Structures are given as structure tokens and as C-alpha cells.
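Asker: 3D, please:
(one chain, ligands or ions: 2)
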Amino acid sequence: MGQEGGGASGRGRCRWPAGLGDEDGLPVASLGALGPWRQGMADSAQAQELVYLVTGGCGFLGEHVVRMLLQREPRLRELRVFDLHLGPWLEELKTGPVQVTAIQGDVTQAHEVAAAVAGAHVVIHTAGLVDVFGRASPETIREVNVQGTQNVIEACVQNGTRFLVYTSSMEVVGPNIKGQPFYRGNEDTPYEAAHRHPYPCSKALAERLVLEANGRKVRGGLPLVTCALRPTGIYGEGHQIMKDFYHQGLRLGGRLLRAIPASVEHGRVYVGNVAWMHVLVARELEHRAALMGGQVYFCYDHSPYKSYEDFNMEFLGPCGLRLVGTHPLLPYWLLLLLATLNALLQWLLRPLLLYAPLLNPYTLAVANTTFSVSTDKARRHFGYEPLFSWEESRARTIHWMQAGEGSTQ
Ligand SMILES: NC(=O)C1=CN([C@@H]2O[C@H](COP(=O)(O)OP(=O)(O)OC[C@H]3O[C@@H](n4cnc5c(N)ncnc54)[C@H](O)[C@@H]3O)[C@@H](O)[C@H]2O)C=CC1
Ligand SMILES: CC(C)[C@@H](O)CC[C@@H](C)[C@H]1CC[C@H]2[C@@H]3[C@H](O)CC4=CC(=O)CC[C@]4(C)[C@H]3CC[C@]12C
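Answerer: Ligands and ions are numbered 1, 2, ... in the order given. Have a look, this model is predicted:
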């Protein structure tokens with residue numbers, strides 16, 4: 001397995017607040033020749049003998065992973081859904097042939113994680129604090145995203161669980177603190193992954209822990225096989241930020257004001273395809289450990305390349321909203337001033353209430369920086385093809401938005 005540096009490894013530098021570790025990048029191992037293909041999906045006649053654990057299984061992505069496993073993993077005997085906040089919808093899943101075990105737990109509590117992992121064959125670790133709006137402290141973000149991931153890894157090692165799929169993020173790579181564009185890049189594109197914000201720092205550190213754990217001997221002496229998936233901006237049924245934009249538009253009389261140039265491209269991927277990639281990776285890890293172990297894969301599909309706001313309008317437009325302006329209505333310096341005032345207000349109000357608007361200096365910078373991916377590594381390594389076309393992804397998301405009940409199905 002060759003070593004290479006310089007690629008979009010995500011092993012860049014994180015400037016944690018004082019007292020938190022600083023990370024120097026390490027090259028991500030990469031492979032040369034492809035291993036043998038394993039054709040087709042698992043034979044549905046196969047015995048149901050596998051136990052899967054999905055952490056964060058009640059989240060936006062997690063719920064889709066849970067439902068996709070039940071639909072497309074015929075070898076499933078038990079599906080454990082581990083989450084801090086269990087959803088009521090889980091009850092409806094308990095009537096099927098697969099044993100669905102809901103576990104209310106906290107990934108920061110090693111003993112709770114160990115108990116959930118015990119006896120599992122595969123862990124899909126999606127749990128995390130996805131916070132770029134200042135809701136949680138940097139310490140909490142790190143505790144959940146980094147220590148929580150470490151707890152999952154150790155639980156796999158101690159319990160003899162051999163396959164771990166981690167939900168990483170595009171943010172492990174960028175946009176970086178210099179605002180450098182990443183235009184239709186892939187897993188090996190050279191890019192300086194330097195971060196300062198707690199969220200990307202935590203995801204980068206957690207991903208590094210997962211990849212470095214690949215090959216560790218688990219109880220029983222066999223090697224742990226790990227893999228990290230990097231979704232770009234996920235959309236689809238259950239996407240709360242899309243709902244937030246919709247409600248913001250309603251408050252402005254059906255209008256949204258353009259803040260980002262249409263030329264800034266942002267990668268987006270449908271939640272159903274991200275879930276499918278997780279299921280496929282989990283299935284293929286066993287037979288392609290040499291090829292896939294320790295690897296990262298961007299999550300991608302046929303969603304069009306657009307600015308974040310223009311892409312959102314694919315769904316908000318059919319819901320009656322209009323994006324005002326062909327160019328940003330306010331100059332960038334004024335947007336930055338408003339974003340900074342939001343951050344100041346959040347700090348001042350924190351003792352009284354949580355003020356966490358969409359616009360802050362970090363979200364403005366990310367939205368204003370091109371970050372899009374063009375890759376086929378997942379197809380080459382484990383035969384991934386998007387399950388949902390762009391048209392289906394769009395229709396499903398619009399239906400959910402128009403239904404308005406916010407359920408993910
Ligand atoms: N939403 C997006 O656009 C993207 C998300 N991701 C990653 O995908 C994963 C899932 O993200 P989303 O579904 O969007 O977020 P989400 O917030 O909807 O789901 C996260 C789930 O983790 C659970 N969780 C949080 N802290 C926990 C703890 N201490 N113990 C146990 N469970 C805990 C939450 O209750 C929630 O159900 C995250 O790891 C995130 O970093 C990656 C790229 C893009
Ligand atoms: C207020 C306007 C400037 C508006 O355009 C701001 C949009 C902003 C809220 C989003 C723009 C880019 C999004 C992030 C991106 O999709 C990458 C992400 C990856 C993750 O792992 C988690 C979510 C997110 C950080 C995502 C969050 C929302 C944006 C910053």
C-alpha cells in the first residue's frame with residue numbers, strides 16, 4: 001500500500017483553541033492496482049446472521065442509513081440504533097423480520113458505546129455534533145466528534161468488531177482558512193487542509209483516528225478494517241437547514257435575498273445516495289479489505305454543480321419562494337459586518353438565550369468558497385453507483401418540503 005502526500009488528505013493543520021492538540025498532516029495511504037471485483041449485491045437468500053450498529057441512527061443521515069439497511073442488507077439479523085435522542089419512528093421498524101434494537105446512549109461515554117458495540121459485526125458511525133452555528137462549545141464538539149469516535153474505535157477493538165465505517169465530511173478537506181477554492185477535486189487533489197473552526201478540526205481529527213486504526217488487531221487477533229466517507233453538503237428529506245431557509249423566506253414575504261455569487265460552486269449530495277454508499281461500503285469492506293481498508297471516499301451523485309443558494313432554490317422555488325437578485329444584493333464587506341454582528345450578538349445573549357442565525361463569519365466564508373468534487377473512486381473501489389438519479393432526489397426532497405411534516409420518508 002503506497003504512501004502519498006499532498007493529496008486532499010484532510011490531514012492538514014487544526015488551530016485548536018489553547019489547550020487542544022495541534023495536528024500536523026500525515027499523508028493518506030493510497031493504493032495502486034485494483035483488487036478483484038466482487039460482482040453484484042448480496043444474495044438475498046443468504047442467512048440473516050449479521051448484527052449492525054448505527055450510531056447517530058436517529059439523525060438526518062442516520063435515519064436514512066437505518067432504513068436503507070433494512071431495505072438492502074439481506075444478511076441483517078439485528079440492527080442496533082444508538083443515539084442520544086431516539087426518534088418515535090423507530091417503533092414502526094420493530095414489526096419487521098429484522099430485530100431493531102433502539103439504544104439511548106452517548107458516544108462520549110465509553111462504557112455505553114462498548115455495551116452497544118458488543119456482539120456487532122459492523123459499526124456505521126454517523127453520530128456527531130454538526131455545529132457551525134455556535135450552538136455548542138468547541139470543547140463539546142471535540143468531546144463528541146473526537147472522543148466519541150475514539151470510544152467507538154476502542155469498543156470495536158475490545159469487542160472483536162472488525163468493520164467500522166465512519167461518516168467524515170468534505171470539511172475535513174475544506175474550504176480552508178485561506179478561502180482557497182477546491183474545484184471539482186477528488187480524494188488525491190493537492191489542497192492545504194488548514195482549519196481553525198472546531199467542527200472541521202474535530203472531523204479531521206476523528207477521520208485521522210479512524211484511518212490510523214485500520215489494521216489494529218481486535219479481540220480474537222483479526223485486523224480492524226476501517227473506512228471514512230466524506231459527504232459534501234447533504235440534502236434531502238429531513239434536512240433541517242433547508243427548512244430553516246424555507247421559514248426565513250416565508251418571513252421575508254416569499255423572498256430570499258441572494259448573498260452568494262452564482263459562480264461559487266458548492267458540492268451537494270442526496271441523503272439517500274449517501275446512505276446507500278454507507279450500506280455498500282459496509283458490505284464490501286470484508287471482501288476488499290486490502291483495497292478499501294484505511295481509505296477515504298467522497299460521497300457523490302449526479303446532483304448539479306451550483307452555488308449553495310441556487311441549489312437550494314431547486315427545492316424552495318417549487319415551494320413558492322423566489323431568490324431576489326442575479327448578484328449578491330449586499331457587498332461582501334457589509335455581509336461580513338452583519339455576520340460579525342451576529343457572532344457578537346450570539347456571545348452577548350448566550351447567558352440569556354441561544355441566538356444562532358444561519359449567517360456568521362464561518363458560514364459566510366464557507367458559502368463564498370467554491371468546493372465541489374468530481375471523482376469515481378467509490379465506483380472503482382467498490383462498484384458504487386448512485387441509487388437515486390438527480391430527478392428522483394429532487395422530487396423526493398420537494399415532496400418532503402411540500403408535505404411540511406418534516407418526516408424523513
Ligand atoms: N449534514 C451534512 O450536510 C453533512 C453531515 N456530515 C456528517 O454526517 C453525520 C450525520 O450528520 P447529520 O445527519 O447531518 O446530523 P444530525 O445532527 O441530524 O445527526 C447526528 C445524530 O447524532 C446524534 N448525536 C449527537 N451527539 C451524540 C452523542 N454524544 N451520542 C450519541 N449520539 C449523538 C444526534 O442526536 C443526531 O441524531 C455527522 O457525522 C456529520 O459530521 C458530513 C457531511 C455533510
Ligand atoms: C447566510 C448565507 C451566507 C447562506 O448562504 C449561508 C449558507 C450556509 C448556512 C451553508 C453554506 C455551506 C454549508 C455547509 C457545507 O454544505 C459543508 C458542511 C459539511 C458538514 O459536514 C456539515 C454541514 C456543512 C458545514 C454545511 C453547513 C451549512 C453551510 C455553511
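Asker: near ligand 1, which residues of the stretch 101-250 of the chain? Just list them.
Answerer: With CB under 6 Å from any ligand atom as the criterion, the stretch 101-250 of the chain meets ligand 1 at residues 106-108, 126-130, 144, 148, 167, 169, 203, 231, 233-234. C-beta coordinates here come from the backbone N, C-alpha and C atoms, glycine included.
Asker: helices - which of those residues land there?
Answerer: 148, 203 (DSSP state H).
Asker: in strands only, show me the residues of the stretch 101-250 of the chain next to ligand 1.
Answerer: Within those, membership in strands is found for 167, 231, 233, 234, as judged by DSSP state E.
Asker: doesn't residue 273 make contact with the second one?
Answerer: What it means is residue 231. No: if you go by CB atoms under 8 Å, residue 231 and residue 273 don't touch, sitting 9.2 Å apart.
Asker: which residues sit in contact with the residue in the chain positioned nearest to ligand 1?
Answerer: As assessed by CB to the nearest ligand atom, ligand 1 sits closest to residue 59 within the chain, at 2.1 Å. Applying CB atoms under 8 Å, 6 or more residues apart in numbering, one finds that residue 59 lies in contact with 83, 126, 127.
Asker: apply 10 Å and report the result again.
Answerer: Contact analysis of residue 59 by CB atoms under 10 Å, 6 or more residues apart in numbering lists 65-66, 83-85, 87, 126-128, 130, 167, 238, 240, 408.
Asker: output those of the residues you listed also counted as contacts of ligand 2.
Answerer: Among the contacts of residue 59, the residues lying close to ligand 2 (CB under 6 Å from any ligand atom) are residue 130.
Asker: got any ranges where the protein has weak pLDDT?
Answerer: 1-7, 9-12, 15-46, 405-409 (pLDDT under 70).
Asker: so which residues on it come close to ligand 2?
Answerer: Residues of the chain lying close to ligand 2 (CB under 6 Å from any ligand atom) are 130, 132, 169-171, 233, 241, 259-260, 266, 308-309, 358-359, 363-364, 366-367.
Asker: hmm, back to that, which of the ones in strands among the residues of the stretch 101-250 of the chain next to ligand 1 ranks first by neighbour count?
Answerer: Taking other CB atoms under 10 Å as the neighbour criterion, residue 167 ranks highest of these with 31 neighbours.
Asker: report the separation between the spatially closest residue to it that is not a sequence neighbour and ligand 2.
Answerer: Nearest non-adjacent residue to residue 167, counting by CB to CB, 6 or more residues apart in numbering: residue 126, 4.2 Å away. Distance check for residue 126 against ligand 2: by CB to the nearest ligand atom, to the nearest Å, it reads 11 Å.
Asker: residue contacts, residue 126?
Answerer: Going by CB under 10 Å, 6+ apart, residue 126 touches 54-66, 82-83, 165-167, 229, 231, 274-275, 278.
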